[in-house]
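Enquirer: Here you go, sequence then predicted model.
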Amino acid sequence: MKVLVVGNGGREHALAWTLLQSASVEQVFCTPGNGGTAMMAKCQNLPITVDDFTGIAEAVNKHQISLVLVGPEVPLSLGIVDYLQERQIPVFGPTQAGAKIESSKSWAKEIMTQANVPTAKSKTFSDLAAAKAYVREVGAPIVVKADGLAAGKGVIVATTNEEAIAAVEELFADNSSQLIIEEFLTGSEVSVLAVTDGKTIRPLSPAQDHKRIGEGDTGKNTGGMGAYSPVPLVTDELLIRIEREVLQPTLKVLNQKGINYCGVLYAGLMITPAGEPKVIEFNCRFGDPETQVVLPLLETPLEEVLLACVEQRLEQLPPLQWKSGSAFCVVAASGGYPDAYEKGKAIAGITEAEAKGAIVFHAGTKLQQEQIVTNGGRVLGITAVGNDFSEAVAIAYETVESIQFEGMYYRSDIGHQYR
C-alpha cells in the first residue's frame, strides 16, 4: 500500500512515521513534506503545495497511491476532499462542508446549539462598535476569537476590558469580517481527537496541549509548545461521557445537514472544576502537536483505521488497541516565535537525541545541501514514550538537550500539572 500525506509540519511527519511502522505500507509520499520526511526511509517528498489539487491528483495516478491523508485544515477548508472524491481517489478527511466546523467558529457554535453540546456562551459580531460595546457590557475576563482559520493563534484570552477591546480592534484590522466573543471558562483544557466514517465515531487517546509561549502558561498563544497523552484527568468514564454528550450528538447534526463527515473530529474541551466537559472549539483534522503523542501509543495499524473510515466500515473494526505507558512531546521553537523569527539556522544533535530514545518529529525544517536547517516557528517536536508519565518526561527533556540551533527555545514546564 502507498499513502500520500498532504502537509509539511510535525503532524505530517508523525503521520508518515506511524504509517511506516506497518508492514502493509510500502511507501509514503509527502506533499510538500519537510526535512524529516526527506530523510526517512521509504518516504519521498514531492514538491507540490497543499492547495495544488491538480498536482496532488496527478501524483496519485503517477505513483499508484492507494490513499490520500490530508493533514492541515487549509486544504480541507478549500475543498481538497471534494476534488479528489470527484476523481474517485480514496481520501481521509472531511469535505469542504464538514471542514466548516473549523473554518467558521460561528457556524460551529450553531451546530453545537442544535446538538445541545455543552459550550461557552457566545455572541458573533461583524461590527466593531457593537463588539466593543458588548465587551464593556459583559466585562473581562472574556475570550475573543477570529471566526475563520488562524493557525491556532486567533484566540485572545483577555483579563481586562482594555485587552479585550484591543483584541477586537486587532482582529478586525487583520481583515476578520466576523469574530466571536465568549465567556471565559475555567478548568483544564483537553484535546479529544476522534476518527469517524460519518456513522460511527471512535475517540483516540486524550491529549493535553500547552498553547502559550511562556513558562507557567503565560504569554501569547502559539500553535502548541508541547503535549502529552493520555491525560490523568480524563478517566474512562469521562471519555465515555464526552463521546455521548459531545462527539455523537455533533456527528448526528452534521448528518442531519446532509454532511457525510469522514475524518477526524477534534474536540478542544475545557473540563470544569465540577468535572463537566465543555467544548471550546472543534477542529476538522489531526492536532499538532497532539498527533505526535497520540499516534506513538496506537497499536492498531493506522492505515487500517483510515481505510475503515474511508470505506464506511468503522463499526466493523475491532476496538482500537493502545500501548500502555505515556507519550510526551516538547517543541523546540525558533527564537522570536510566535512573532518574527529567522530561518535557515543549522540544526545539530538530532541523531544523538534519537540514540537516547527520542522520536524527533520535524515541523519547521528543510533539507538544504545535506544539512537540516530551520524553516519555521515550531521547528522540532521531541517525543518520548515511557512506561509512565514521569519516565516519558525525563526522556524527552534529557534528549532535547542534545539538540542545538541558534536561537532555539523550548518550555521546560510542559506537563507541569502532573510533575
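Expert: Noted; the coordinates are in hand.
Enquirer: Can you list phi and psi of Leu15 for me?
Expert: Main-chain torsions, Leu15, degrees, to the nearest 10: phi -60, psi -50.
Enquirer: residues in contact with it?
Expert: Val5, Gly7, Leu69, Gly71, Phe286, Thr291, Leu295, Leu302 (CB atoms under 8 Å, 6 or more residues apart in numbering). C-beta coordinates here come from the backbone N, C-alpha and C atoms, glycine included.
Enquirer: Filter the residues you listed down to just the ones in strands.
Expert: The strands, defined by DSSP state E, take in Val5, Gly7, Leu69 from these.
Enquirer: Format the residues you listed as JSON lines; extra columns: pLDDT and neighbour count.
Expert: Listed next are the ones in strands among the contacts of Leu15 as JSON lines, based on pLDDT from 0 to 100; neighbours: other CB atoms under 10 Å:
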{"residue": "Val5", "pLDDT": "98", "neighbour count": "25"}
{"residue": "Gly7", "pLDDT": "98", "neighbour count": "27"}
{"residue": "Leu69", "pLDDT": "98", "neighbour count": "26"}
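Enquirer: Tell me the one of those nearest Asp127?
Expert: Gly7 (35.8 Å; CB to CB).
Enquirer: Relative to Ala363, how far out is that closest one?
Expert: 10 Å (CB to CB, to the nearest Å).
Enquirer: ok, and what's touching the helix or strand bottoming out on mean pLDDT in the chain?
Expert: The weakest-scoring helix or strand in the chain, judged by mean pLDDT, DSSP states H and E, is strand 155-158 (a mean of 86). Residues from elsewhere that reach strand 155-158 (CB under 8 Å, 6+ apart): 135, 140-146, 163-164, 166-167, 170-171, 184, 221.
Enquirer: Please pick the buried ones from those.
Expert: Neighbour-count burial (16 or more other CB atoms under 10 Å) is assigned, among the contacts of strand 155-158, to Val135, Ala140, Ile142, Val143, Val144, Lys145, Ala146, Glu163, Ala164, Ala167, Leu171, Asn221.
Enquirer: just those residues now: which is nearest Ile180?
Expert: Lys145 (4.4 Å).
Enquirer: just to revisit the earlier point, now tabulate the buried ones among the contacts of strand 155-158 in a markdown table and tack on pLDDT, secondary structure and distance to Ile271.
Expert: A markdown table is the format used below for those (pLDDT from 0 to 100; DSSP: H, G, I helix; E, B strand; the rest coil; distance: CB to CB, whole Å):
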| residue | pLDDT | secondary structure | distance to Ile271 |
| --- | --- | --- | --- |
| Val135 | 91 | helix | 26 |
| Ala140 | 88 | coil | 22 |
| Ile142 | 93 | strand | 20 |
| Val143 | 91 | strand | 17 |
| Val144 | 91 | strand | 22 |
| Lys145 | 88 | strand | 20 |
| Ala146 | 85 | strand | 24 |
| Glu163 | 89 | helix | 25 |
| Ala164 | 92 | helix | 24 |
| Ala167 | 89 | helix | 25 |
| Leu171 | 85 | helix | 27 |
| Asn221 | 85 | strand | 19 |
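Enquirer: which one among the ones in strands among the contacts of Leu15 gets closest to Phe29?
Expert: Using CB to CB, the ones in strands among the contacts of Leu15 come closest to Phe29 at Val5, 7.2 Å.
Enquirer: what pairs with that closest one across the strands?
Expert: Cys30, Leu69 (DSSP bridges).
Enquirer: In space, what's closest to Phe125 - neighbours in sequence excluded?
Expert: Spatial nearest neighbour of Phe125, chain neighbours left out: Ala131 (3.9 Å); criterion: CB to CB, 6 or more residues apart in numbering.
Enquirer: Buried residues, the one helix or strand the one you found maps to. List them.
Expert: Using DSSP states H and E, Ala131 maps to helix 128-138. Buried residues in helix 128-138, counted by 16+ other CB under 10 Å: Ala131, Lys132, Tyr134, Val135, Val138.
Enquirer: how near is the last one to Lys121?
Expert: Read it as Val138. On the measure of CB to CB, Val138 and Lys121 end up 9 Å apart.
Enquirer: can you check the first one too?
Expert: Distance from Ala131 to Lys121, counting by CB to CB: 15 Å.
Enquirer: What residues are bridge-paired with Val385?
Expert: Beta-bridge partners of Val385, as defined by DSSP bridges: Ala327.
Enquirer: I figured it hits Lys323, correct?
Expert: Yes - applying CB atoms under 8 Å, one finds Val385 in contact with Lys323, separated by 7.2 Å.
Enquirer: which neighbours do these two share?
Expert: What both Val385 and Lys323 touch, as defined by CB under 8 Å, 6+ apart, is the set Pro296, Leu297.
Enquirer: I'd assumed Phe405 was in contact with Ala346.
Expert: Yes - with contact defined as CB under 8 Å, Ala346 reaches Phe405; the gap is 6.4 Å.
Enquirer: can you list the residues that contact stretch 270-281?
Expert: 102, 105, 108, 112, 117-120, 145, 185-190, 233-234, 238, 241-242, 245-246, 267-269.
Enquirer: Can you list which of these are found in helices?
Expert: Glu102, Lys105, Ala108, Met112, Leu238, Arg241, Ile242 (DSSP state H).
Enquirer: The fifth one: what's it in contact with?
Expert: When contacts are counted by CB under 8 Å, 6+ apart, Leu238 is found next to Ile271, Gly275, Pro277.
Enquirer: Show me what the last one is bridged to.
Expert: This points to Pro277. Here Pro277, judged by DSSP bridges, has bridge partners Ile271.
Enquirer: Tell me the one of the ones in strands among the contacts of Leu15 nearest Leu254?
Expert: Distances from Leu254 to these, taken by CB to CB, are shortest for Leu69, at 20.5 Å.
Enquirer: I figured that closest one hits Leu307, correct?
Expert: No - using CB under 8 Å, Leu69 and Leu307 do not qualify as a contacting pair, with a distance of 10.5 Å.
Enquirer: circling back: just the buried residues out of the contacts of stretch 270-281, in PyMOL syntax.
Expert: If you want just the buried ones from the contacts of stretch 270-281 in PyMOL, going by 16+ other CB under 10 Å, the selection is:
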select buried, resi 102+105+108+112+117+119+120+145+185+187+189+190+233+234+238+242+245+246+267+268+269
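Enquirer: Show me where the stretch 301-419 of the chain has its strands.
Expert: Assigned by DSSP state E, counting those that start in this stretch, the strands in the stretch 301-419 of the chain fall at 326-333, 359-362, 365-368, 371-374, 378-386.
Enquirer: Quick one: the ones you listed as TSV, columns for distance to Phe125 too.
Expert: As requested, these are exported to TSV (distance: least, CB to CB, whole Å):
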stretch	distance to Phe125
strand 326-333	32
strand 359-362	38
strand 365-368	39
strand 371-374	38
strand 378-386	31
